[in-house]
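Peer 1: Sequence unavailable; structure follows:
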């Protein structure tokens, strides 16, 4: 069996409110999890650097449907009715290489993010999951997350918001 290690990195001082944990073996990425202590500041920093933002979105700019989805995400994050009762901390994404699935790596990554948020003083964090992602719902429920509301991040696509309490 190959050993794994976790590493945390931040892109720059601007993005210190975001975290990335990567689990790797000797020669490949096993998986990663990303989280944030608040998207509002990240969005504000991105908007303050429009040329960098445009460059980052270059693959989306020529696709009206992709740009529409980007705008939907920005608009929903400004909707106080949707997020006012939710923790600012959020799990953004968790991915495990298919060759490593079923080996407990997603649980390890999830627990690393829980530890990070706990160390930062958070009592809980939220997770937004597309309604059609059955395996994701089973995973978050198994990890002790509780569904608290349904939202539409993208028009016509329902999502469930989970909250994970940290003890």
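Peer 2: Ah, there it is. Source: prediction; values computed, not measured.

Peer 1: Sketch out the low-pLDDT regions of this protein for me.
Peer 2: The model of the chain has pLDDT under 70 over residues 1-16, 39-43, 67-84, 154.

Peer 1: where along it do the helices fall?
Peer 2: Along the chain, counting by DSSP state H, helices occupy 39-47, 50-56, 58-61, 64-78, 80-83, 105-119, 134-142.

Peer 1: Name the residue closest to the centre of the chain, please.
Peer 2: Centrality entry for the chain: nearest residue to the mean C-alpha point is residue 92, 0.5 Å, by CA atoms, centre = their mean.

Peer 1: Contacts only, for that residue.
Peer 2: Listed by CB atoms under 8 Å, 6 or more residues apart in numbering, the contact partners of residue 92 are 18, 34, 35, 36. All C-beta atoms are positioned from the backbone trio N, CA, C, and that covers glycine.

Peer 1: Contact partners for the closest residue to it other than its chain neighbours?
Peer 2: Residue nearest to residue 92 in three dimensions, not counting chain neighbours: residue 34, with 4.4 Å by CB to CB, 6 or more residues apart in numbering. Contacts for residue 34 (CB under 8 Å, 6+ apart) come out as 18, 19, 20, 21, 91, 92, 93, 94.

Peer 1: can we see that at 10 Å?
Peer 2: 18-22, 90-95, 109, 113 (CB atoms under 10 Å, 6 or more residues apart in numbering).

Peer 1: Equivalent analysis for residue 107, please.
Peer 2: Residue 107 is in contact with 96, 139, 142, 143, counting by CB under 10 Å, 6+ apart.

Peer 1: what's the neighbour count on the first one?
Peer 2: It stands for residue 96. Other residues near residue 96 number 21, with proximity taken as other CB atoms under 10 Å.

Peer 1: Same question for the last one.
Peer 2: Here the neighbour count serves as a burial measure; for residue 143 (other CB under 10 Å) it reads 15.

Peer 1: quick revisit: tell me what the residue nearest to residue 92 is bridged to.
Peer 2: In this entry, residue 34 is beta-bridged to residue 20, residue 93, by DSSP bridges.
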